[in-house]
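Undergrad: With the sequence up front, the predicted model follows.
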Amino acid sequence: MQNTRLNDLFDAIAQRLGKWLNNPWRRWSLLIISFLLGIFLGTAISTTAGQQARLDIVVAAVLVFITEVTSRIYYRGRFAVGSIWLECLNILKIGFIYSLFIEAFKLGS
């Protein structure tokens, strides 16, 4: 790509954000927020799909596909090792799956 002012601006923003996220407390807080967002998304999606009682099997298949693609991206390791965005994506997936287990236990009781 050409070295334009817009590219320089985005590079500078990415470098500053990377330096800002090097702090362990900020990193942990971002990971905890990702986990809690995953729990929220799992509850919201399962509740909405269950309430409408249509396309339950299709929604479940799409959710399994998304979690498997996320696992493949994270554990393949082709991207930058220790990338905070990949870790946030993986933690979001873990929170999502945890939320689905919670919903299953609620339905079983």
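TA: Received the coordinates, thanks.
Undergrad: Any regions of this structure where pLDDT drops low?
TA: For the chain, the stretches flagged by pLDDT under 70 are 1, 79-82.
Undergrad: In it, where's the longest helix?
TA: helix 24-52 (DSSP state H).
Undergrad: and that one, what other elements does it pack with?
TA: helix 56-76, helix 84-108 (3 or more C-beta pairs under 8 Å, 6 or more residues apart in numbering; DSSP states H and E). Quick note: C-beta positions are derived from backbone N, CA and C, even for glycine.
Undergrad: Repeat the analysis, applying 6 Å as the threshold.
TA: Contacts defined by 3 or more C-beta pairs under 6 Å, 6 or more residues apart in numbering; DSSP states H and E place helix 24-52 against helix 84-108.
Undergrad: Flag every buried residue along the helix it packs on.
TA: Neighbour-count burial for helix 84-108 flags 84, 86, 88-96, 99-100, 103 (criterion: 16 or more other C-beta atoms under 10 Å).
Undergrad: ok, now stretch 47-63?
TA: Buried residues in stretch 47-63, counted by 16+ other C-beta under 10 Å: 49, 59, 63.
Undergrad: okay if I get those as CSV plus distance to Trp20?
TA: Shown next, in CSV, are the buried residues of stretch 47-63 (distance: C-beta to C-beta, whole Å):
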residue, distance to Trp20
Ala49, 37
Val59, 37
Leu63, 33
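Undergrad: of those, closest to Leu36?
TA: Leu36 has its nearest neighbour among the buried residues of stretch 47-63 in Leu63, at 18.4 Å by C-beta to C-beta.
Undergrad: Touching, Thr43 and Ser99? I think so.
TA: Yes - counting by C-beta atoms under 6 Å, Thr43 does reach Ser99; the two are 5.2 Å apart.
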